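Peer 1: this is the structure alone, sequence omitted:
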């Protein structure tokens, strides 16, 4: 069986769904490693769903961070031990940290664009670790 042509092997497997099951030799029970070639098509449905979710999470996070910042500033303002310059510096730090957190939330939603916004379709598959040189020796 190790000398079978790649295309003959693909015909032998026939119409099996190569994405959901392992391709196993019916004779020797060898599990074949499959290498896939994909085509990506933009999905409006995935994009709209992701954007709705993003805006909801981003808005709620922004409101929570602003409320936390305001609460901290109210507590600091009520204490007489802090100077006006120190209060202003703390405010700048709070705004910077909040902005950093919102930026990280933004980045997490827009990474892996192909996986999140595109549908993935198999256009071809090949048996991995297939040695063409073995077949060529037989010819």
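Peer 2: Cool, got the structure. What you see is a predicted model, and the numbers here were worked out from it, not measured in a lab. Numbers count the residues shown, from 1 in each chain.

Peer 1: so residue 95 touches residue 69, yeah?
Peer 2: Yes - counting by CB atoms under 8 Å, residue 95 touches residue 69, with 6.9 Å between them. For every residue, glycine as well, the C-beta is placed using N, CA and C.

Peer 1: between these two, which is the more surrounded one?
Peer 2: residue 69 (17 against 13; other CB atoms under 10 Å).

Peer 1: pull out the buried positions in the host helix or strand of the more buried one.
Peer 2: Here residue 69 sits within helix 44-78, counting by DSSP states H and E. Within helix 44-78, the residues scored as buried using 16 or more other CB atoms under 10 Å are 61, 65, 69.

Peer 1: repeat for stretch 109-127
Peer 2: 117-118, 125-126.

Peer 1: now render those residues as a markdown table, adding secondary structure, pLDDT and distance to residue 51.
Peer 2: As requested, these are exported to a markdown table (DSSP: H, G, I helix; E, B strand; the rest coil; pLDDT from 0 to 100; distance: CB to CB, whole Å):
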| residue | secondary structure | pLDDT | distance to residue 51 |
| --- | --- | --- | --- |
| 117 | helix | 82 | 10 |
| 118 | strand | 86 | 15 |
| 125 | strand | 72 | 33 |
| 126 | strand | 72 | 36 |
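
Peer 1: hmm, residue 90 is touching residue 77, no?
Peer 2: No - using CB under 8 Å, residue 90 is not in contact with residue 77, being 10.0 Å away.

Peer 1: so how far is stretch 63-76 off the chain centroid?
Peer 2: 33 Å (CA atoms, centre = their mean, to the nearest Å).

Peer 1: and for stretch 108-117?
Peer 2: 5 Å.

Peer 1: how about stretch 25-43?
Peer 2: In terms of CA atoms, centre = their mean, the gap separating the centre of stretch 25-43 from the centre of its chain is 21 Å.

Peer 1: also stretch 42-62?
Peer 2: 15 Å.

Peer 1: how close does the residue sitting nearest the centre point of the chain sit to residue 7?
Peer 2: With distances taken as CA atoms, centre = their mean, the residue of the chain nearest its centroid is residue 112 (4.2 Å). Counting by CB to CB, to the nearest Å, the gap from residue 112 to residue 7 is 34 Å.
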